[in-house]
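No letters, just coordinates:
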């Protein structure tokens, strides 16, 4: 006997469901996917990036959001980036102001279980957002950041940084991130090689 086809949700049905849910879900092609928890390293790195940007935004007409802010792409993909930021007026799905449409920067800290999904699914959807100029994929097990930057012709240029002394320039939001600060306190005593490199 054939299985019953899975019911697909519209964006509005998903948003109504999500606003009542105690668990966060991402949305793609009418389906919802529950999000799992994150490791200590993941949380420390994402927190560092949020804090560094927040500090540089003080006194400016810019905002930075942590992982509880949904982002909707023009391709109707809805996700919760680890960090999202913009300067200027934010545009939202509705007056509830919980689903951002125009981020300038998106950051994803890669987890071993989701890295393929982040690269293969999330990244192309994020890059469809007209306002997005910078997208960072940040490793959590080593010092390594992939910086995708939108070019004038609409294409994307990739720069990879793996030296703790390097500084990441985010001209679109007027911020800079030094990798040693991005990874501060992220690694345990057992990760002595990485910790030595960060000193």
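Nice, I can see it. Note that the coordinates shown come from a computational prediction; the quantities given were computed from them, not determined experimentally.

Next one, pLDDT for the residue nearest to residue 161 when sequence neighbours are not counted please.
Nearest residue to residue 161, sequence neighbours excluded (C-beta to C-beta, 6 or more residues apart in numbering): residue 145, at 4.7 Å. All C-beta spots, glycine's among them, are computed from the backbone N, C-alpha and C. On the pLDDT scale, residue 145 is placed at 97.

Check whether residue 145 really touches residue 134, as I assumed.
No: counting by C-beta atoms under 8 Å, residue 145 sits too far from residue 134 to count as a contact (11.2 Å).

quick check, residue 154 in a strand?
No: read with DSSP: H, G, I helix; E, B strand; the rest coil, residue 154 is coil and lies in no strand.

How far off centre is the biggest helix by length in the chain?
Looking across the chain with DSSP state H, the single longest helix is helix 40-57. In terms of C-alpha atoms, centre = their mean, to the nearest Å, the centre of helix 40-57 is found 11 Å from the chain centre.

which other helices and strands contact it?
Counting by 3 or more C-beta pairs under 8 Å, 6 or more residues apart in numbering; DSSP states H and E, the packing neighbours recorded for helix 40-57 are strand 62-65, strand 83-87, strand 105-109, strand 134-138, strand 175-178, helix 179-182.

deepest of the ones you listed, which one?
Each of these was assessed for mean neighbour count using mean count of other C-beta atoms under 10 Å. The highest is strand 105-109, with a mean of 26.

Walk me through which strands that strand pairs with, and which way each runs.
strand 83-87 (antiparallel), strand 134-138 (parallel) (DSSP bridges).

so can I have a markdown table of these showing distance to residue 102?
Output for those, formatted as a markdown table (distance: least, C-beta to C-beta, whole Å):
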| stretch | distance to residue 102 |
| --- | --- |
| strand 83-87 | 6 |
| strand 134-138 | 13 |
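
Low-confidence regions, this protein specifically.
1-7, 189-199 (pLDDT under 70).

just to revisit the earlier point, measure the residue nearest to residue 161 to residue 137 for me?
7 Å (C-beta to C-beta, to the nearest Å).

can you list contacts of the longest helix of the chain?
38, 63-64, 66-67, 82-83, 85, 105, 107, 109, 111, 136, 138, 140-141, 173-177, 181-187 (C-beta atoms under 8 Å, 6 or more residues apart in numbering).

which residues does residue 169 contact?
So residue 169 contacts residue 176 (C-beta under 8 Å, 6+ apart).

Could you say which helix or strand holds it?
For residue 169, the element it lies in under DSSP states H and E is strand 167-170.

try residue 148
strand 145-150.

So in that sheet, which strands flank that strand, and in what orientation?
strand 134-138 (antiparallel), strand 156-161 (antiparallel).

Could you check how far stretch 34-44 is from the centre of its chain?
Put simply, stretch 34-44 sits 13 Å off its chain's centre (C-alpha atoms, centre = their mean).

Please read the previous query as pertaining to stretch 69-81.
With C-alpha atoms, centre = their mean, you get 10 Å for stretch 69-81.
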